[in-house]
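>>> Coordinates for the following, if possible.
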Amino acid sequence: MKPRFLLCVDNRGYEASLELRKLYETIPDKETERHHQVRIIDESGEDYLYPAEFFAPVRLPTQTRSRILEKVA
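Take a look at the predicted model:
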């Protein structure tokens with residue numbers, strides 16, 4: 001499964017945890033999606049739930065996505 005990336009477009013109430021205009025990797029989670037939430041991996045490497053409307057989907061070229069993910073590994 002390809003990693004999905006989302007762009008933070010709102011951080012009201014989560015200013016200490018989310019940066020506006022920052023790209024975040026998500027973990028697919030059908031249960032949280034039913035509750036209009038997304039599971040986001042933060043800088044600590046941990047995942048947390050946030051409102052889905054705080055993010056916009058982003059399509060990255062394969063080479064860009066690979067370069068981002070190799071920094072994580």
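
>>> Now do stretch 46-66: distance from first to last residue.
20 Å (Cα to Cα, to the nearest Å).

>>> Of all the residues in that stretch, which ones are buried?
Neighbour-count burial for stretch 46-66, counted by 16 or more other Cβ atoms under 10 Å, picks out 47, 50, 54-55, 60, 65. In this view, the C-beta of every residue, glycine as well, is placed from N, C-alpha and C.

>>> Among these, which lie within helices?
Members of the buried residues of stretch 46-66 lying in helices (criterion: DSSP state H): Arg65.

>>> now the buried residues of stretch 46-66 as JSON lines including distance to Glu33?
Listed next are the buried residues of stretch 46-66 as JSON lines, based on distance: Cβ to Cβ, whole Å:
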{"residue": "Asp47", "distance to Glu33": "14"}
{"residue": "Tyr50", "distance to Glu33": "12"}
{"residue": "Phe54", "distance to Glu33": "14"}
{"residue": "Phe55", "distance to Glu33": "12"}
{"residue": "Leu60", "distance to Glu33": "20"}
{"residue": "Arg65", "distance to Glu33": "21"}
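
>>> Relative to Ile40, which of the buried residues of stretch 46-66 is nearest.
Ile40 lies nearest to Tyr50 out of the buried residues of stretch 46-66, by Cβ to Cβ, at 5.5 Å.

>>> ok, what's across the strand from that closest one?
Val38 (DSSP bridges).

>>> I'd assumed Asp10 was in contact with it.
No. With contacts counted by Cβ atoms under 8 Å, Tyr50 stays clear of Asp10, the gap being 9.6 Å.

>>> how about the strands in the protein?
4-8, 23-27, 37-41, 47-51, 55-58 (DSSP state E).

>>> Mind checking the pLDDT average for the fourth one?
Think strand 47-51. For strand 47-51, mean pLDDT is 95.

>>> Which residues does it contact?
14, 17-18, 27, 32, 36-42 (Cβ atoms under 8 Å, 6 or more residues apart in numbering).

>>> distance of Leu18 from Leu7?
11 Å (Cβ to Cβ, to the nearest Å).
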